[in-house]
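Visitor: sharing a model that was predicted from the sequence below.
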Amino acid sequence: MPATISPSETSALVVLVLFLAIIARRTIRQIQGARYSVARLAVFAGFYVLLFGALAFSTLYAAVSAWGWGALALLAPYAAIPTVAAISAIPHIRRVAQFEQRENGQWFYRLSWHVPVLYLGLFVARLLAEVAVFGLAGVVVSYPPPVPSSEAGLLILLGVDLLFGVSLGLLLGRGIGVVRAYRDLPATAPAPPSPSRPLPSGRP
C-alpha cells in the first residue's frame, strides 16, 4: 500500500526544498561571484542565528523536562561550538576571498569552491539526520520540533542541533571574514588635484 503524506508534511517538504534551493543558489553565486553587501551578509547570518536559537530553546526545554535543571549546562556547547567554528573560519576566509569591481562599479567577491560546498554539505547532513530520526515533521522548517520519546532520541536531537551549530559558526565566520578581506583591500589612489585657477591680475 503506497505511503501517504499528510498536508503538514507536504508543506514541510516544500519549505525544505525551498531552503535547499536558496542555499544551493548562494553556494553557486559565492563560487562564481556574489555582490558584496554588508547588509545582505548580516541579514542572512541573523536569520540563521534566530533559527539556531529557536531550535536550541526547543531542545533545551525537552532536556530540562527529561533531566532536570542540570541540563542547562548544555548551554555551554551550544554557545562554544558556533563560536569556535566562526573563529576558525575567519582567518581562512580572509585569506581566500577574492574581490573584483565590475562594470557597474559594484564590488563582487568569490570564495574557493570548498568553502561554500562545505557549509552546504553540513547543512544537508543535518537535515538528512533529522528527517531520518524524526521524519519530515522534525525538519528545521517545523517549530517546535517533536519531543523525542526516548533518551536516545533526545541525544540524537542534541547532536543534530550541534551539527547545525558548526554550520552556523562557519556561516558567521564566512561573513566576518569576507568583510575583513574587503577592508584589507588596498585603498584606491587619490584623484589628482584639480589645477588651481589663475590668480586675478589685479588690474582695475
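Guide: That came through fine.
Visitor: just the helices in this structure please.
Guide: 7-32, 38-67, 75-96, 114-134, 151-183 (DSSP state H).
Visitor: so which bits of the longest one are buried?
Guide: Neighbour counts using 16 or more other C-beta atoms under 10 Å place 153-154, 156-158, 160-179, 181 of helix 151-183 among the buried residues. C-beta here means a position set from N, CA and C on the backbone, and glycine is covered the same way.
Visitor: which secondary structure elements does that helix sit against?
Guide: The contact analysis (3 or more C-beta pairs under 8 Å, 6 or more residues apart in numbering; DSSP states H and E) places helix 151-183 against helix 38-67, helix 75-96, strand 107-110, helix 114-134.
Visitor: cool, the fourth one as well?
Guide: Helix 114-134 makes packing contacts with helix 7-32, helix 75-96, helix 151-183 when contacts are defined by 3+ C-beta pairs under 8 Å, 6+ apart.
Visitor: quick one, which of these gets closest to residue 112.
Guide: helix 75-96 (4.8 Å; C-beta to C-beta).
Visitor: got a list of what the residue nearest in space to the middle of the chain touches?
Guide: Centre of the chain computed as the mean C-alpha position; nearest residue by C-alpha atoms, centre = their mean is residue 171, 3.6 Å away. Applying C-beta atoms under 8 Å, 6 or more residues apart in numbering to residue 171 gives the contacts 44-45, 48, 119.
Visitor: at 6 Å instead, please
Guide: 45, 48 (C-beta atoms under 6 Å, 6 or more residues apart in numbering).
Visitor: about what we covered before: mean pLDDT lowest for which of the helices and strands packed on helix 114-134?
Guide: The weakest mean pLDDT among those belongs to helix 7-32, with a mean of 74.
Visitor: and that helix, what's buried?
Guide: Quick answer for helix 7-32 (16+ other C-beta under 10 Å): 12, 16, 19, 23, 26-27, 29-31.
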